[in-house]
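> With the input below, show me the fold.
(chains A, B, C and D)
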2 protein chains.
Amino acid sequence: MGKQIDIGRVLANLPLFQQLRESEIVNLAVGTRDVWLTKGQVLFQKGSLLDGFYVVVHGQIKLAFSSPQGQEKVVSIVGPGQSFGEAVMFMERPCPVLAQALEDTRLLYIAKQGIFAAIDHDSAFARRMLAGLSMRLHGLIQDVEDYSLHSSTQRVIGFLLQLAGTGGSVEFELPASKHVIASRLNLTPETLSRILHNLSESGQIAVKGRRIAVLDMARLRQFDDAPRPPCAKDG
Amino acid sequence: MGKQIDIGRVLANLPLFQQLRESEIVNLAVGTRDVWLTKGQVLFQKGSLLDGFYVVVHGQIKLAFSSPQGQEKVVSIVGPGQSFGEAVMFMERPCPVLAQALEDTRLLYIAKQGIFAAIDHDSAFARRMLAGLSMRLHGLIQDVEDYSLHSSTQRVIGFLLQLAGTGGSVEFELPASKHVIASRLNLTPETLSRILHNLSESGQIAVKGRRIAVLDMARLRQFDDAPRPPCAKDG
DNA sequence: ATCGCGCCTTGATTTACATCAAATTATCGA
DNA sequence: TCGATAATTTGATGTAAATCAAGGCGCGAT
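Numbering: from 1, shown residues only, chains lettered A, B, ... in the order given. Below you'll find the predicted structure:
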């Protein structure tokens, strides 16, 4: 199946690696393993140590907290071209989350050694790595802001707008089951269902299963579920 | 006042820079500025671009979201020896938070250029920078876990244990006003007050103004505010 | 001292969201 | 196509924490 050749090609196409020299890519490829998971399979548990990081080729991985009582909270849904585990690799500490395949998934596991070599030989690569981690950090800060400052409806709207934005189109498919999406947004499935229902009723969106159409991006962006306080009182 | 000399010395003592060569330190010092803030002064607003990052020499800075409606949520309280702004610097995007002095504070502002030079010349430094950002990321993940999986009492306990732990002692002082602490923990001041009262009543801690004594670390760690479900019912 | 003013506490009430409990609707293998 | 199982919706009820509204108290200035 020519997997070896594939690995080099896939690596070279990742944004992070695009500017590396051929020799560097070969170096990385040596320490890279191909990983296939079936839907539901656990890649690693909370507490694992990682000697490298992962890139999704196709499929989908969820990263989630899992408490002993069985409650679970999805932190991130990782799709094709995206990576995860870098921070744990650099920190050399136990991983705080669980990684599990949401569907049949192919990953590349890239060993630390090749990455460190690339950092040593190419400081521009080091900078890209730093910028990458910084973006990740920014995303988490955004999440913290959402959780602590926005209502559940506002979080859902933000999420929908993000999906609509990246696709360019105003119609798109939810990237996972509503149960998973709800957890990602810190909601129960029941609450998510009710919110989508409300938005639908008030003519903001149209929902059909996992397919969602945003009818008016601008209006949705302004939508505010809180009762508007009067600007000034007479009297 | 010999500030120039001071700067090099302070830089050289930061964990991040400890292993840099003398020449590198000099290089950093050239692009470093001494910043003095009075209590309440705003260092930068949300949306700012940073061409470097900050290290606290003495005093305290709070990083917080600020919504137009004036609500504010403290993300982080940064003390002596700690740094902030690296991620924004590497990302080259607007800063998502506001930075404001909680007390009279002295900072060093370290220009991007010197950092980039250090990264170019010393890949071990680049790695330390990567590890540093990774730790920061880990901390945020921890916060997200706390906000979404733990009750307000559990968040307070976690915070107290962290303070008690770092100090070695079981008695310590809150690092800021209760108002700020409450915001950091995603609570209202009222709720924080009630929780401290409860913990105090149930003999877990003693509170006197900002001074708190943890009476039994182990017991506090196990303390759980949720009513314990019976393991089995007699039938 | 004692006045004034933030900081903190305390109590009463509200509310957004979770939880519990069915009913309904997809999905998929045989 | 059918039946089973999981996903989603819908309704009724519960609750943790916020909000609203007064007090008390510590502390620095006079």
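> Please make it C-alpha for all contacts and neighbour counts, starting now.
Fine.
> Show me where chain A has its strands.
Assigned by DSSP state E, the strands in chain A fall at A:32-37, A:42-44, A:52-58, A:61-66, A:72-78, A:83-84, A:98-101, A:105-111, A:171-173, A:205-208, A:211-214.
> Just say which of those is most tucked in.
Among those, ranked by average contacts under mean count of other C-alpha atoms under 10 Å in any protein chain shown, first place goes to strand A:61-66 (a mean of 24).
> Sheet partners, orientation included, of it?
Strand A:61-66 pairs in its sheet with strand A:72-78 (antiparallel), strand A:98-101 (antiparallel), by DSSP bridges.
> The last one close to DNA strand D?
So the one you mean is strand A:98-101. No. Judged by C-alpha under 7 Å from any atom of the strand, strand A:98-101 stays clear of DNA strand D, getting no closer than 12.8 Å.
> can you give me the mean pLDDT across that strand?
Averaging pLDDT along strand A:98-101 yields 97.
> List of residues touching that strand?
A:37-46, A:59-66 (C-alpha atoms under 8 Å, 6 or more residues apart in numbering or on different chains).
> Equivalent analysis for the first one, please.
Counting by C-alpha under 8 Å, 6+ apart, strand A:72-78 makes contact with A:56, A:60-66, A:84, A:180, A:183-184, A:186, B:145, B:148-149, all of which sit outside it.
> angle of that strand against strand A:52-58?
70 degrees (axes from the mean of the first three to the mean of the last three C-alpha atoms, to 10 degrees).
> now strand A:72-78: how far from the chain's centre is it?
A distance of 8 Å separates the centroid of the chain from that of strand A:72-78, by C-alpha atoms, centre = their mean, to the nearest Å.
> And the shortest one, by the same measure?
The offset between the C-alpha centroid of strand A:98-101 and the centroid of the whole chain comes to 12 Å, using C-alpha atoms, centre = their mean.
> got the CA coordinates for it in PDB?
Written as PDB, here are the backbone C-alpha positions of strand A:98-101 (Å, rounded to 0.1, in the frame of the first residue of the first chain):
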ATOM      1  CA  LEU A  98      -8.300  11.100  27.600                       C
ATOM      2  CA  ALA A  99      -8.000  10.700  23.800                       C
ATOM      3  CA  GLN A 100     -10.700   8.600  22.000                       C
ATOM      4  CA  ALA A 101     -11.700   8.100  18.400                       C
END
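> and A:Gly70, what pLDDT?
pLDDT at A:Gly70 comes out at 76.
> sorry, back to before: among the contacts of strand A:72-78, which ones lie close to DNA strand C?
Okay, of these touching DNA strand C (C-alpha under 7 Å from any atom of the strand), that's A:Asn186.
> Let me know the closest of the contacts of strand A:72-78 to B:Lys112.
Among those, A:Phe84 lies closest to B:Lys112 (C-alpha to C-alpha), at 26.5 Å.
> where's that closest one relative to DNA strand D, distance?
To DNA strand D, A:Phe84 is 24 Å away according to C-alpha to the nearest atom of the strand, to the nearest Å.
> Just confirm that residue contacts A:Gln60, I think it does.
No. Counting by C-alpha atoms under 8 Å, A:Phe84 stays clear of A:Gln60, with 11.6 Å between them.
> relative to strand B:72-78, how tilted is the longest helix along chain A?
Counting by DSSP state H, the longest helix found in chain A is helix A:123-149. Interaxial angle, helix A:123-149 versus strand B:72-78 (the same axes, to 10 degrees): 140 degrees.
> Enumerate the residues of chain A near chain B.
Within chain A, the positions adjacent to chain B are A:65, A:73, A:86-88, A:90-91, A:96, A:119-120, A:123, A:126-127, A:129-138, A:140-145, A:147-149, A:186 by C-alpha under 8 Å from any C-alpha of the partner chain.
> Need the strands paired with strand A:61-66 in CSV (columns: distance to DNA strand C).
Below are those laid out as CSV (distance: least, C-alpha to the nearest atom of the strand, whole Å):
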stretch, distance to DNA strand C
strand A:72-78, 11
strand A:98-101, 15
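> Any chance of TSV for those, columns distance to A:Ala176?
As requested, those are exported to TSV (distance: least, C-alpha to C-alpha, whole Å):
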stretch	distance to A:Ala176
strand A:72-78	8
strand A:98-101	11
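> and of those, who's closest to B:Arg221?
Here strand A:72-78 is closest among the strands paired with strand A:61-66 (C-alpha to C-alpha), at 21.5 Å.
> Now do the lowest-mean-pLDDT helix or strand in chain A: distance to the chain's middle.
Least confident element among the helices and strands of chain A, by mean pLDDT, DSSP states H and E: helix A:3-13 (a mean of 76). Averaging C-alpha positions (C-alpha atoms, centre = their mean) puts helix A:3-13 23 Å from its chain's average.
> name the helices or strands packed onto that helix?
Contacts defined by 3 or more C-alpha pairs under 8 Å, 6 or more residues apart in numbering or on different chains; DSSP states H and E place helix A:3-13 against helix A:22-30.
> CA atoms of the helix it packs on as PDB?
Provided in PDB are the C-alpha atoms of helix A:22-30 (Å, rounded to 0.1, in the frame of the first residue of the first chain):
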ATOM      1  CA  GLU A  22      13.600  17.300   2.500                       C
ATOM      2  CA  SER A  23      16.300  15.800   4.800                       C
ATOM      3  CA  GLU A  24      14.500  17.000   7.900                       C
ATOM      4  CA  ILE A  25      11.300  15.500   6.700                       C
ATOM      5  CA  VAL A  26      13.000  12.200   6.200                       C
ATOM      6  CA  ASN A  27      14.400  12.400   9.700                       C
ATOM      7  CA  LEU A  28      10.900  13.000  11.100                       C
ATOM      8  CA  ALA A  29       9.400  10.200   9.000                       C
ATOM      9  CA  VAL A  30      11.900   7.700  10.500                       C
END
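> Contacts only, for the closest residue to A:Pro96 other than its chain neighbours.
Residue nearest to A:Pro96 in three dimensions, not counting chain neighbours: A:Lys46, with 5.2 Å by C-alpha to C-alpha, 6 or more residues apart in numbering or on different chains. By C-alpha under 8 Å, 6+ apart, the contact set of A:Lys46 is A:65-66, A:94-99.
> swap the cut-off to 6 Å and go again
A:95-98 (C-alpha atoms under 6 Å, 6 or more residues apart in numbering or on different chains).
> ok, of these, which one's closest to DNA strand D?
Distances from DNA strand D to the contacts of A:Lys46, taken as C-alpha to the nearest atom of the strand, are shortest for A:Leu98 (18.1 Å).
> Across the sheet, point out what pairs with that closest one.
Beta-bridge partners of A:Leu98, as defined by DSSP bridges: A:Ala64.
> what's the answer for A:Lys73, then?
The residues that A:Lys73 bridges to, once DSSP bridges is applied, are A:Phe65.
> ok, now the one 10 residues further on?
Applying DSSP bridges to A:Ser83 yields these beta-bridge partners: A:Val55.
> Mind pulling up the pLDDT for it?
In this model, A:Ser83 carries a pLDDT of 96.
> In chain A, where is pLDDT below threshold?
A:1-5, A:167-169, A:226-235 (pLDDT under 70).
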